[in-house]
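Undergrad: Fold the following, please.
(one chain, ligands or ions: 1)
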Amino acid sequence: MAKIFRVGDLDVTCIDDGILKSSVDFVLGMDREDASKIAGAADDGSIHIPVNNFLFQRDGATILIDAGAGNTMQPTLGRLPENLRSAGFDSSAVTHILLTHLHPDHANGLVDDNHQAIFTNAEIVVHEVEFEFWMCDGAPDESDALKRTRARNKINMKPYLDRVRLMRDGQVLMGCSPILAPGHSPGHTCWRIETGREALIAWGDLVHFSAIQIPYPQSAVKYDLDADLARGSRLRMLELIAAEHLAVAGAHVNAPGVGYLSKTDAGYRFEPA
Ligand SMILES: [Zn+2]
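TA: Just a heads-up that it's a prediction; the model follows:
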């Protein structure tokens, strides 16, 4: 399903890749019962979160944020190409894909089941820290999970290697600039998108369980490679977003996925756009 939001002078379409089944057991720094209650978890602790992608057009370009999971994770995911089509965009019309990070639910959808490019005309735009982390050989003693994601990212990137644009903080492409917000992954990136009047921050997985981590941003998730670093990035970015009254587009923020933050005693409140 697609929904269009007006942010400043930009129309941003939220297009989901489906639903990711997760669990309250992945929440760190909060009592399990409290977390279950706040997130509205099922009796077995399961939490269903959306996997949102965002699309907008400017300067003749069609820009997509993140690429979904493809058929690699859960049967409820991998809907991005079909949902793009229903929203009026063929995957071949996408000219740029800004990646927030290279985890499976954001990058595995770059290629089909035969490892061919889904986005035949798109340039991949990614923070150099994130790209270099996943494309290097890695330490021999790193975890199997890291090894698997690293191997898969080489498959994800292979058909795009002649059209990857690496960026670093301070650089701008069509009004889009990367802000390194590490912890969830080493090069996890929030994209700042200028929209004329106000800016939009596509924050990737700065927040994984929006019902929990927006009101209680001190809580972290086991998906974070470095939970303390991720917490620091989250606190810093949320403060900036609320102070500057920026719009946010969250990969796993519950519907409608786009909104604003206001400060509360313990954290923030999400105000849907
Ligand atoms: Zn994610």
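Undergrad: Check which helices and strands the one helix or strand Ser233 maps to sits against.
TA: Secondary structure assignment for Ser233, by DSSP states H and E: helix 227-243. Packing partners of helix 227-243 (3 or more C-beta pairs under 8 Å, 6 or more residues apart in numbering; DSSP states H and E): strand 199-204, strand 220-221, strand 258-263. For the C-beta atoms, the positions are set from N, CA and C on the backbone; glycine is no exception.
Undergrad: Tell me which of those lies nearest to Ala2.
TA: strand 258-263 (12.0 Å; C-beta to C-beta).
Undergrad: Contact partners for the most centrally placed residue in the chain?
TA: Nearest residue to the geometric centre of the chain (C-alpha atoms, centre = their mean): Gly204, 2.6 Å. Gly204 makes contact with 66, 100-101, 106, 181, 184, 188-191, 250-251 under the criterion C-beta atoms under 8 Å, 6 or more residues apart in numbering.
Undergrad: Now flag whichever of those residues is closest to Ala145.
TA: His184 (13.8 Å).
Undergrad: CSV for the contacts of Gly204, including distance to Gly259 and pLDDT?
TA: As requested, the contacts of Gly204 are exported to CSV (distance: C-beta to C-beta, whole Å; pLDDT from 0 to 100):
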residue, distance to Gly259, pLDDT
Asp66, 18, 98
Thr100, 17, 98
His101, 21, 98
His106, 20, 98
Ala181, 18, 98
His184, 20, 98
His188, 21, 98
Thr189, 20, 98
Cys190, 15, 98
Trp191, 16, 98
Gly250, 8, 98
Ala251, 14, 98
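Undergrad: before we move on, back to that, in the helix holding Ser233, what's buried?
TA: 227, 229-231, 233-234, 237-238, 241-242 (16 or more other C-beta atoms under 10 Å).
Undergrad: how about those residues in a markdown table, adding pLDDT?
TA: Formatted as a markdown table, these follow (pLDDT from 0 to 100):
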| residue | pLDDT |
| --- | --- |
| Ala227 | 97 |
| Leu229 | 98 |
| Ala230 | 98 |
| Arg231 | 98 |
| Ser233 | 98 |
| Arg234 | 98 |
| Met237 | 98 |
| Leu238 | 98 |
| Ile241 | 97 |
| Ala242 | 97 |
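Undergrad: which one among those residues gets closest to Asp25?
TA: Ala227 (14.4 Å).
Undergrad: can you pull the contacts of the closest one?
TA: Neighbours of Ala227 in contact, by C-beta under 8 Å, 6+ apart: 28-29, 183, 220-221.
Undergrad: any idea which of the residues you listed has the most stuff around it?
TA: Ala220 (23 neighbours; other C-beta atoms under 10 Å).
Undergrad: Setting the sequence-adjacent residues aside, check what's closest to that one.
TA: Nearest non-adjacent residue to Ala220, counting by C-beta to C-beta, 6 or more residues apart in numbering: Ala227, 3.9 Å away.
Undergrad: Spell out which residues of the stretch 151-273 of the chain are next to the ion.
TA: Asp205 (C-beta under 5 Å from the ion).
Undergrad: And the residue of the stretch 151-273 of the chain that's closest to the ion?
TA: With C-beta to the ion, the shortest gap between the stretch 151-273 of the chain and the ion falls at Asp205, namely 4.3 Å.
Undergrad: cool, and the stretch 51-200 of the chain?
TA: Per C-beta to the ion, Asp105 is where the stretch 51-200 of the chain lies closest to the ion, at 4.4 Å.
Undergrad: which secondary structure elements does the helix or strand hosting that residue contact?
TA: Using DSSP H and E, Asp105 sits within helix 104-107. Contact here means 3+ C-beta pairs under 8 Å, 6+ apart; on that basis helix 104-107 packs against helix 144-157.
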